[in-house]
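*Asks:* Have a look at this prediction, sequence included:
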Amino acid sequence: MKKMFWPVPSTKKNVPKSKFKKGFGRNKEGGRFHCGTDILAKYGSNIIAIESGLIKNIFLFTYLELDQFNKYENTYAIAIQHEKGNYALYCELQKPKLKIGQKVKAGQLIGKVGRIFVHKPKHTMLHFEYHSKLPNSTTKWYKGKRPKSLLSSTKYLQCI
Ligand SMILES: [Zn+2]
C-alpha cells in the first residue's frame with residue numbers, strides 16, 4: 001500500500017471517533033452536524049498532503065456571514081483529488097500560496113493553519129473533510145440531510 005501522511009506533522013496521529021467532540025458527525029448547535037474531523041494545532045502549523053494528487057479547488061471556507069452563531073474570520077479550503085478519485089478537503093487554512101491545477105506530492109507542504117475566531121485565538125485546527133464529488137463551498141449538514149457526496153473523514157484518516 002502507498003504511504004500516506006498524517007496531515008499535521010506537528011501533532012500525533014489521533015482520529016477522534018464519530019460523536020466525540022472533534023469527530024465526524026457530531027451534533028452542533030442549530031441542528032447541524034460536524035462535516036469533518038478536527039485536528040487541533042497551533043496557528044501557523046504546517047499542513048501537508050496526505051496523498052499525491054491534483055489541486056482542484058481553493059475557496060473561502062469561513063467568513064463573517066457564514067452563519068448566525070459565530071463571528072468567523074476568513075479561512076480557506078483546498079480540495080485535492082487523490083489517485084482513487086475522491087477529494088480531500090483541507091479547511092480553516094491561511095490564504096494558500098498554491099494554485100488550482102497544481103500537482104502535489106504526498107507529504108508536500110500545502111498550507112498553514114489559520115484562525116477562525118479573533119476572540120478565541122488558540123482555537124485553531126485543521127478541519128478535514130472527505131468527499132466523493134468536488135466541493136465548491138463550505139459543507140453544511142443538517143439533521144437527516146447528510147450531503148450525498150460527503151464521506152466519513154474518520155474512516156479515511158484511520159487508513160493512514
Ligand atoms: Zn471541524
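*Replies:* Yep, it's here.
*Asks:* Beta-bridge partners for the closest residue to the ion within the chain, please?
*Replies:* Taking C-beta to the ion as the measure, the point where the chain comes nearest the ion is residue 127, at 3.5 Å. All C-beta atoms are positioned from the backbone trio N, CA, C, and that covers glycine. Counting by DSSP bridges, residue 127 forms beta bridges with residue 38, residue 91.
*Asks:* Could you check how many residues crowd around it?
*Replies:* A count of neighbours around residue 127, defined by other C-beta atoms under 10 Å, yields 24.
*Asks:* got the contact list for the most centrally placed residue in the chain?
*Replies:* Per C-alpha atoms, centre = their mean, the C-alpha nearest to the average position across the chain is that of residue 128, at 2.4 Å. Residues touching residue 128, when contacts are defined by C-beta atoms under 8 Å, 6 or more residues apart in numbering, comprise 7, 36, 37, 38, 39, 88, 89, 90, 91, 153, 157.
*Asks:* Per-residue pLDDT of the fifth one, please?
*Replies:* Reading off the confidence values, residue 39 has pLDDT 96.
*Asks:* picking up where we left off before, compare the contacts of residue 128 and tell me which is most surrounded.
*Replies:* For these, the largest number of neighbours (other C-beta under 10 Å) sits with residue 37, at 29 neighbours.
*Asks:* Quick check: residue 125 touching residue 92?
*Replies:* Yes. With contact defined as C-beta atoms under 8 Å, residue 125 reaches residue 92; the gap is 6.2 Å.
*Asks:* Which of the two has more residues huddled nearby?
*Replies:* Each of residue 125 and residue 92 had its neighbours counted (other C-beta under 10 Å), and the higher figure belongs to residue 92 (26 against 23).
*Asks:* List the residues that contact that one.
*Replies:* By C-beta under 8 Å, 6+ apart, the residues touching residue 92 are 61, 62, 75, 77, 113, 114, 116, 124, 125, 126, 127.
*Asks:* now the third one, nearest residue through space, not along the chain?
*Replies:* Looking back up the chat, that one is residue 75. Closest residue to residue 75 in three dimensions, ignoring its sequence neighbours and counting by C-beta to C-beta, 6 or more residues apart in numbering: residue 114, at 4.0 Å.
*Asks:* would you turn the contacts of residue 92 into CSV with pLDDT?
*Replies:* Formatted as CSV, the entries for the contacts of residue 92 read as follows, by pLDDT from 0 to 100:
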residue, pLDDT
61, 97
62, 96
75, 98
77, 98
113, 98
114, 98
116, 94
124, 97
125, 97
126, 98
127, 97
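*Asks:* And these, which two are furthest apart?
*Replies:* Greatest spacing in these, by C-beta to C-beta: 77 and 124 (15.1 Å).
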